[in-house]
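1. Fold the following for me, if possible:
(chains A and B)
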Amino acid sequence: MDYKKLADLLYPNAKDIEYYEKKYPERNLKEGAEVCRFAPSPTGRVHMGNLFASFVPEVFAHQSGGVFILRIEDTDQVRILENGVQLIYDDLKTYDYQIDESPLDGGEYGPYVQTERKEIYEAYAKYLVSIGRAYPCFCSAEDLDAMRKRQEERKEQIGYYGKYAKCRNLSLDDVKKHLDNGDKFVLRLKSMGDPDKKFVFKDLIKGAIELPQNNLDQVLIKSDGIPPYAFAHVVDDHLMHTTTVTRDDSYISSVPYHMELWDAFGFKKPKFAHLLPINIKDGDIIRKISKRKDPWAAISYHHENGIPVEAVKLYFATLLNSNFEGWLLQNPDKSYRDFKFTFDKMSKSGSLFDMEKLTNISKNYLSKLKASEVFELLSTWAEEFDKDFYDLINNYKDYTIRVLNIEREQKKPRKDFAFYSEIKNHIWYMFDELFTDVEYDFGVNTIDNVKEIVNLYVKNYYNADDDKDTWFNKIKALSDELGYASDMKAYRENPEGYKGSVADVSNIIRVALTTKSMTPDLYEIMNILGKDRVLDRLNRVNNL
RNA sequence: GGCCCAUUGGUGAAAUGGUUAACACAUAGCCCUCUCAAGGCUACAUUCAUGGGUUCGAAUCCCAUAUGGGUCACCA
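-> The predicted model follows:
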């Protein structure tokens, strides 16, 4: 059989692969720089699962001074989504992923959408035919069904191989006849594998894995002229000079086939890292994150609830390498970008998404920021999801920052909130605009008691210029004057001897000023509220 | 069903043949304290899915079983 002739017959117009090999030369990168890619199908929005799957290559590429590529795998025309590319791109950008090459950014190694690479695939398909490693198959869907049935009945391996691969033996004339007839064909790999023999390869995460060799004559080019995943990924990753392929671990079982393809071409193989999916515990069942069943996993959910982008990434970093957490504890001022991640520290068994852990990480993250930084993040969130609040805090920007700064600039700052959507609940009472139609709950204290305390405090004690010690000494003095214990220890030893304690007194003032019985430091709150607001609010209580 | 992978506390996990199985989250209690939020301290796996073996010694190596996951397309 003259394979060259067959190749010309099948793909008369395809270019020589030399053309593409020259067009996409080796990258000029420093030693050790990784080229990694995220290669999703544009079938929907990104969720926590694939956001993590894209976090990994992004981090490995950039920590090594390499390149991160977004490539769109849209060879399955049935499932693609209108503007799916843009959606994925936007989602990744929301999380500040640095994308070096993509359909939207362009790049020297494009196009980055597979359906736009049809010509390239054709050239490489032709090449494989010309060296005798691929052949056209004219079997119909019915033929294949019949074959499968027969194999099932005989309990034989299912698929197109060996004696079942009848189009392997088509002569040049047979092929010509089919072509003249206008018959559609798929291109198949002429596999040389033996399933009784082992194929061993080393995965960056899982280590050595043994699988049977591939012997299936898999489809390389579909009848519509577009390749399925395997062929496309080999050509793309070769031409884009990917150094490490990260992908879902469901591809593991087809690795022998993929490797046979790489070898058939004679290309230098990249390293492979098969990622375990992030799972979720649903009752007793552990399953992959699902877009439909897990609304909390959607990026839009995180967006609406104001879950900080950075917190999600810190959480991903702890999933990626569990020793990251300890490192961050030792280096609280550093970014995850400064940590050296490795594949061998990755989990081999898939982890559960833990919202509580994310919450904790987020609290810690926000507590370390400056008040002005929290303000900006909050403002950006509120602009989209709480316009009234956005207007309010921006009208009183400096004031809001002071509020956000309460007990922040200290060794162990407060950790009140994890998400932007929670902040309003913690600070609303600081704004007169929101301090309307309020209801007070003074607990066991009678309203006369409350008025007595508030009155006396305003009349004899309150001075907006007091420093913290003076302020508190006055609260104590007020307590003494009214028969409340100013010393908590004394009170605890003899609770019957007093009307209450300084805790009760300050709490009455606290509720009068904020309606809340639990707030941050009262002195700071009064300080920021300022004299006018304090007096106004205390008077309101007096007029109840 | 064949093949592949995994299995350490409520959760994420460390440990890669050698003392009491790190650490973090969650939970509970105590301390501190004007309330919170923090912070400090303490408790929480007689045991690493189960059973057998190898070894002076096993969570770590081997075998079987169980459970969970993946994969067997002109889908990725």
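2. Distance-wise, check A:Thr75 relative to A:Gln114.
-> Using Cβ to Cβ, to the nearest Å, A:Thr75 is found at 5 Å from A:Gln114. For glycine as for every other residue, the C-beta is placed from the backbone atoms N, C-alpha and C.
3. Now do the shared contacts for the two.
-> By Cβ atoms under 8 Å, 6 or more residues apart in numbering, A:Thr75 and A:Gln114 have these common neighbours: A:Ile226, A:Pro227, A:Ala232.
4. which among these gets closest to A:Asn543?
-> A:Ala232 (75.8 Å; Cβ to Cβ).
5. does that closest one really touch A:Arg117, like I thought?
-> Yes - here A:Ala232 lies in contact with A:Arg117, judged by Cβ atoms under 8 Å, at a distance of 7.4 Å.
6. Enumerate the residues of the stretch 351-500 of chain A near RNA strand B.
-> A:351-352, A:354, A:356-357, A:359-360, A:363, A:407, A:412-416, A:472, A:488 (Cβ under 7 Å from any atom of the strand).
7. now for these, which pair is the farthest apart?
-> A:Ser351 and A:Phe472 (47.7 Å).
8. which SS state does A:Trp428 fall under?
-> helix (DSSP: H, G, I helix; E, B strand; the rest coil).
9. From the shared contacts of A:Thr75 and A:Gln114, pick the one nearest A:Lys206.
-> A:Ala232 (24.1 Å).
10. if you skip the residues just before and after it, what's nearest to that closest one?
-> A:Gln114 (5.2 Å; Cβ to Cβ, 6 or more residues apart in numbering).
11. re the thing from before, the more surrounded of A:Ala232 and A:Arg117?
-> A:Ala232 (25 against 22; other Cβ atoms under 10 Å).
12. Backbone torsions only: list them for that one.
-> phi -60, psi -40 (degrees, to the nearest 10).
13. hmm, back to that, residues contacting the residue nearest to A:Ala232?
-> Taking Cβ under 8 Å, 6+ apart as the test, what A:Gln114 contacts is A:Arg71, A:Ile72, A:Glu73, A:Asp74, A:Thr75, A:Ile226, A:Pro227, A:Ala232, A:Asp236.
14. For A:Phe201, grab the count of nearby residues.
-> A:Phe201, neighbours per other Cβ under 10 Å, totals 16.
15. same question, the one 3 residues further on
-> Neighbouring residues of A:Leu204 were enumerated by other Cβ under 10 Å; the total is 18.
16. how would you label A:Lys348: helix, strand or coil?
-> Strictly by three-state DSSP, A:Lys348 counts as coil.
17. For burial, what's the neighbour tally of it?
-> There are 12 residues near A:Lys348, going by other Cβ under 10 Å.
18. where's A:Gly530, which helix or strand?
-> helix A:522-542 (DSSP states H and E).
19. so what does that helix touch, helix or strand wise?
-> Helices and strands touching helix A:522-542, as assessed by 3 or more Cβ pairs under 8 Å, 6 or more residues apart in numbering; DSSP states H and E, comprise helix A:397-404, helix A:447-456, helix A:468-482, helix A:502-514.
20. now with 6 Å?
-> Contact analysis of helix A:522-542 by 3 or more Cβ pairs under 6 Å, 6 or more residues apart in numbering; DSSP states H and E lists helix A:447-456, helix A:502-514 as its packing neighbours.
21. Now distance to A:Glu153 too, for those helices, in JSON lines please.
-> Listed next are these as JSON lines, based on distance: least, Cβ to Cβ, whole Å:
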{"stretch": "helix A:447-456", "distance to A:Glu153": "88"}
{"stretch": "helix A:502-514", "distance to A:Glu153": "78"}
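22. Would you mind finding the most buried of those helices?
-> Sort these by mean neighbour count, taking mean count of other Cβ atoms under 10 Å, and helix A:502-514 sits at the top with a mean of 21.
23. Now that one - C-alpha only, CSV.
-> Output of helix A:502-514 as CSV, limited to C-alpha atoms (Å, rounded to 0.1, in the frame of the first residue of the first chain):
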residue,chain,number,x,y,z
VAL,A,502,-20.9,47.7,85.4
ALA,A,503,-21.6,45.2,82.7
ASP,A,504,-25.3,46.0,82.9
VAL,A,505,-24.7,49.7,83.0
SER,A,506,-22.5,49.7,79.9
ASN,A,507,-24.9,47.4,78.2
ILE,A,508,-27.8,49.7,78.7
ILE,A,509,-25.8,52.5,77.2
ARG,A,510,-24.7,50.1,74.4
VAL,A,511,-28.3,49.2,73.5
ALA,A,512,-29.4,52.8,73.8
LEU,A,513,-26.8,53.8,71.3
THR,A,514,-27.0,50.8,68.9
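24. which outside residues touch it?
-> The contact list for helix A:502-514 (Cβ atoms under 6 Å, 6 or more residues apart in numbering) reads A:429, A:440, A:442, A:450, A:453-454, A:475-476, A:479, A:484, A:486, A:517, A:519, A:522, A:537-538, A:541.
25. Weed out the non-buried ones from those.
-> Burial of the contacts of helix A:502-514 was assessed by neighbour count (16 or more other Cβ atoms under 10 Å); the buried members are A:429, A:440, A:442, A:450, A:453-454, A:475-476, A:479, A:484, A:486, A:519, A:522, A:537-538, A:541.
26. out of the shared contacts of A:Thr75 and A:Gln114, who's near RNA strand B?
-> Applying Cβ under 7 Å from any atom of the strand to the shared contacts of A:Thr75 and A:Gln114, those adjacent to RNA strand B are A:Ile226.
27. Now find how far off-centre stretch A:200-215 is within its chain.
-> Distance of stretch A:200-215 from its chain centroid, counting by Cα atoms, centre = their mean, to the nearest Å, is 28 Å.
28. Flag every buried residue along that stretch.
-> A:Phe201, A:Asp203, A:Leu204, A:Ile205, A:Lys206, A:Ile209, A:Leu211, A:Gln213, A:Asn214, A:Asn215.
29. Those residues of the stretch 151-300 of chain A touching RNA strand B, which are they?
-> Close to RNA strand B, as judged by Cβ under 7 Å from any atom of the strand, the stretch 151-300 of chain A has residues A:158-160, A:184, A:186, A:206-207, A:209-212, A:219, A:222-224, A:226, A:228-230, A:248-254, A:281, A:285-288.
30. Among the buried residues of stretch A:200-215, find me the one that's closest to A:Asp388.
-> So of those, ranked by how close each gets to A:Asp388 (Cβ to Cβ), first place is A:Ile205, at 48.2 Å.
31. Phi first, then psi, for the spatially closest residue to A:Ser130 that is not a sequence neighbour.
-> Closest residue to A:Ser130 apart from its sequence neighbours, by Cβ to Cβ, 6+ apart: A:Ala7 at 3.9 Å. Here is the backbone geometry of A:Ala7 (degrees, to the nearest 10): phi -60, psi -50.
32. Touching, A:Ala7 and A:Val129? I think so.
-> Yes - using Cβ atoms under 6 Å, A:Ala7 is in contact with A:Val129, at 4.1 Å.
33. distance between stretch A:111-126 and the chain's centre?
-> 30 Å.
34. now swap in stretch A:188-201 and tell me
-> On Cα atoms, centre = their mean, the centre of stretch A:188-201 falls 36 Å from that of its chain.
35. now swap in stretch A:340-356 and tell me
-> Distance, centroid of stretch A:340-356 to centroid of chain: 13 Å (Cα atoms, centre = their mean).
36. Quick check: buried residues in it?
-> Quick answer for stretch A:340-356 (16+ other Cβ under 10 Å): A:Phe341, A:Phe343, A:Met346, A:Phe353, A:Asp354.
37. can you give me the mean pLDDT across that stretch?
-> On average, the pLDDT along stretch A:340-356 is 83.
38. tell me how far the ends of it are from each other?
-> Length of stretch A:340-356, first residue to last, Cα to Cα, to the nearest Å: 26 Å.
39. before we move on, what about stretch A:179-199?
-> With Cα to Cα, one end of stretch A:179-199 sits 37 Å from the other.
40. which other residues reach that stretch?
-> Contacts of stretch A:179-199 (Cβ under 6 Å, 6+ apart): A:125, A:133-138, A:210-215, A:217-223, A:256, A:260.
41. just checking, which of those residues belong to helices?
-> Among the contacts of stretch A:179-199, DSSP state H puts A:Ala125, A:Pro256, A:Glu260 in helices.
42. Good, we can wrap up now.
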